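got a sequence here, can you model it:
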Amino acid sequence: MPLPIDPRLPRDHTSLTDLTELATLANCDREPIHIPGAIQPHGALLGIDAAGTIRFVSENSEALLGLPPRQLLGNSITDLLVAESAYELARRLGQLRGDLRLCLPLQLAGRRFDTAMHRSGALTLLEIEPAAPRARDELDHETLLQALVRFQQPRTLAELAALASEVFRELTGYDRVMVYRFDPDDNGEVLAEQRRDDLESFAGLHYPATDIPAQARALYLRGRLRMIGDIEYTPVPLIPRADPAGKRPLDLGVAWLRSVSPIHIEYLRNMGVRATLVLSLVCNGRLWGLISCHHYSPRLLPQKDRQRCEAIAQALANQIAAVEQGEALRARAELQVAQRRLLDAAAAAPPDQLVQTLVAQGDSLLAAVRATGAAIALDGHGGHVGAVPGPDILRRLALWLDSMALRGPYACSSLAAELPWATELRAVAAGLLALPLTDAGGDYLLWFRPEVLETVTWGGQPGKELRVEPDGVRLSPRKSFEQWQQIVQLRCEPWGPLEIESAVVLQRLADIAARKRLACR
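As a prediction, this is how the structure comes out:
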């Protein structure tokens, strides 16, 4: 249904920006994708309660299990199982915790199936699919072991991403496999890919956060794998649509068979993609990125293969965290050398020579936060090293910082975004990292970085297509994925967590200055 124009906005003053924001909230970011009330048709779903009674069933149960929904609802799951399968199911049910998924083969209604199970509220969901050939399982078990060993070899993130795209294409056989990383603003970048020779490359392309909205990212944290076997599928409804007791739809957020958003299906159709497999890369509890696999014809991966892909993706995420931690440790060690030199020199400086002493440690003063210029103002003394703005601009910046009553470091990667007049500073001071040295105001250690022009290549112009219809406006996935370049100006290389941390350490300079002040009294 199209989104009606917000009555709070005068009809003749409603801007396209206003409409876009409203449409985004209505049919994208708020879409309840975890409760679609339907599944994909390559499997059947049963929802059982703690007593084993079937409370939910998919409409296609007769096609897969040979039993229509009316013969399943209200009956016990054990009525469908041979004794051995009933025992194994009961044993596995006791092992389920949280969103944990377990896979097991079951003899169900006299036929062999691959079954995945997980909790959904008070129910256990059984996702039932035709059994896959066992020979394939044995082959992929060896591939799994090889992948785990290979991930230990790279020392850089770029090398690891390239290897991961290669490993997952070997493992899954999809036409294109990408390693996709989220930035702090939830935009995505394709770090590496392996693809069919006739396909254009997506490596290095950026994609806006709206392509994977917030609730989809939240689901990727819960369920670490999502597969669409064929985007042209017809969704299979669940019976009943909602729990008769709680009147709530069944939460399918972790289900492999979950029917996906029509908006996402339209997005994939616009790309020409027919089937997908997406694996979450979760590092230290945070959604770092995705392994995104595309196929240009229908493709289904058996349950056992999916389970192994999840395990390999988690091993990859652990290795990503280890590589990033190693890089951070090496970078932190370099900054700590500069910090120690500055603090030692300041501690040994005569009370009236503190500023001059720090300026004399110019290389360390810049290296401590990887700046290109630094200026100090303390107790009426001043000095600078490297490229900095002129004295009048420094005083103007100090007054602006005074107005914020800082109690710790302040980092800004685009001064022009905060102070329009700072556009003229781009060659020397596009970005600022400020450290207050007293509570009185006017006394600061200021670090600067120049503008770094950056060309960001997007996989299509950011934003979804807006359609204005007679009764309102509707947002739909964009149809164009042609590369679109954006020149980012008036920004420095962003101050990272390590540089901010280094500035926090250097707040000890304020304590040193205070002690020297007392010594002079």
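
so where's this structure uncertain?
In the predicted model, the chain carries pLDDT under 70 at residues 1-31, 134-141, 244-246, 453-488, 519-521.

by residue count, what's the longest helix in it?
Selection of the longest helix in the chain by residue count, based on DSSP state H, yields helix 303-348.

contacts for the next helix or strand after it?
Of the helices and strands lying after helix 303-348 in sequence (DSSP states H and E), the nearest is helix 354-360. Residues from elsewhere that reach helix 354-360 (C-beta atoms under 8 Å, 6 or more residues apart in numbering): 342, 345-346, 348-349, 365, 376, 378-379, 381-385, 445, 509, 512-513, 516. Every residue, glycine included, has its C-beta placed from N, CA and C.

from those, which land in strands?
Among those, the members found in strands (DSSP state E) are 376, 378, 381, 382, 383, 384, 385, 445.

you'd agree the fifth one is up against residue 373?
No: the pair residue 383 / residue 373 is not scored as a contact, 11.9 Å apart, by C-beta atoms under 8 Å.

tell me who's in contact with the closest residue to residue 151 other than its chain neighbours.
Counting by C-beta to C-beta, 6 or more residues apart in numbering, residue 319 is the residue found nearest to residue 151 once chain neighbours are left out, at 4.7 Å. Residues counted as contacts of residue 319 (C-beta under 8 Å, 6+ apart) are 151, 152, 154, 160.

check these and tell me the two furthest apart.
152 and 160 (9.9 Å; C-beta to C-beta).

more crowded one of these two?
More neighbours surround residue 160 than the other of residue 152 and residue 160, with 24 against 10 (other C-beta atoms under 10 Å).

can you point out the buried residues in the helix or strand that that one is a member of?
Assigned by DSSP H and E, residue 160 belongs to helix 157-172. Judged by neighbour count (16 or more other C-beta atoms under 10 Å), helix 157-172 contains these buried residues: 157, 160-169, 171-172.

give me the distance from the helix or strand just after it to the chain's centre.
Counting by DSSP H and E, the next helix or strand C-terminal to helix 157-172 is strand 176-182. Here the centre of strand 176-182 is set off from its chain's centre by 11 Å, with C-alpha atoms, centre = their mean, to the nearest Å.

relative to helix 303-348, how tilted is strand 176-182?
Comparing the axes of strand 176-182 and helix 303-348 via axes from the mean of the first three to the mean of the last three C-alpha atoms, to 10 degrees yields an angle of 40 degrees.

following strand 176-182, which helix or strand comes up?
Criterion used, DSSP H and E; the element after strand 176-182 is strand 188-195.

list of residues touching that following strand?
Applying C-beta under 8 Å, 6+ apart, the contact partners of strand 188-195 are 157-158, 161-162, 164-166, 168-169, 175-183, 201-207, 209, 211-212, 289-290, 459.

strands paired with it, and their directions?
Strand 188-195 sits in its sheet next to strand 176-182 (antiparallel), strand 206-207 (antiparallel), going by DSSP bridges.

dump the residue contacts of the residue lying closest to residue 363 once chain neighbours are set aside.
Using C-beta to C-beta, 6+ apart and skipping the chain neighbours, the partner closest in space to residue 363 is residue 338 (7.8 Å). Taking C-beta under 8 Å, 6+ apart, we find residue 338 in contact with 363, 364, 365, 367, 368, 502.

now these: which count as buried?
Counted by 16+ other C-beta under 10 Å, the contacts of residue 338 give 364, 365, 367, 368, 502 as buried.

closest to residue 393 among the residues you listed?
residue 365 (19.2 Å).

check contacts around that closest one.
Neighbours of residue 365 in contact, by C-beta under 8 Å, 6+ apart: 338, 342, 358, 359, 374, 385.

switch the cut-off to 10 Å
Under the criterion of C-beta atoms under 10 Å, 6 or more residues apart in numbering, the neighbours of residue 365 are 338, 341-342, 345, 358-359, 371, 373-376, 383-386, 445, 447, 506.

ok, now how distant is it from residue 288?
With the distance defined as C-beta to C-beta, to the nearest Å, residue 365 ends up 34 Å from residue 288.

cool, and residue 107?
Going from residue 107 to residue 288 by C-beta to C-beta gives 40 Å.

just the helices in the stretch 351-500 of the chain please.
Using DSSP state H, counting those that start in this stretch, the helices of the stretch 351-500 of the chain run over 354-360, 362-367, 391-403, 415-418, 426-429, 497-505.

and those as TSV, adding distance to residue 102?
TSV is the format used below for the helices of the stretch 351-500 of the chain (distance: least, C-beta to C-beta, whole Å):
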stretch	distance to residue 102
helix 354-360	60
helix 362-367	52
helix 391-403	56
helix 415-418	50
helix 426-429	57
helix 497-505	38
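
for residue 98, which of those is the nearest?
helix 497-505 (29.6 Å).

pull the residues that contact the closest one.
So helix 497-505 is contacted by 327-329, 331-332, 334-336, 338-340, 342-343, 367-371, 408-411, 433-435, 445, 447, 449, 493, 495-496 (C-beta under 10 Å, 6+ apart).

repeat that for 8 Å
328, 331-332, 335-336, 338-339, 368-370, 408-409, 411, 433, 435, 447.

show me what counts as buried in it.
By 16+ other C-beta under 10 Å, the buried positions in helix 497-505 come out as 498, 499, 501, 502, 503, 505.

tilt between that helix and helix 303-348?
Using the same axes, to 10 degrees: helix 497-505 against helix 303-348 is 30 degrees.

may I have helix 497-505 as PDB, with CA atoms only?
What follows is helix 497-505, C-alpha atoms only, in PDB (Å, rounded to 0.1, in the frame of the first residue of the first chain):
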ATOM      1  CA  PRO A 497      39.800   5.200  18.200                       C
ATOM      2  CA  LEU A 498      43.500   4.700  18.800                       C
ATOM      3  CA  GLU A 499      44.200   8.400  18.200                       C
ATOM      4  CA  ILE A 500      41.400   9.400  20.500                       C
ATOM      5  CA  GLU A 501      42.700   7.000  23.100                       C
ATOM      6  CA  SER A 502      46.200   8.500  22.700                       C
ATOM      7  CA  ALA A 503      44.800  12.000  23.300                       C
ATOM      8  CA  VAL A 504      43.100  10.700  26.500                       C
ATOM      9  CA  VAL A 505      46.500   9.400  27.700                       C
END
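
check the offset of that helix from the chain's centre.
24 Å.

what's around residue 387, how many residues?
Around residue 387 there are 16 residues (other C-beta under 10 Å).
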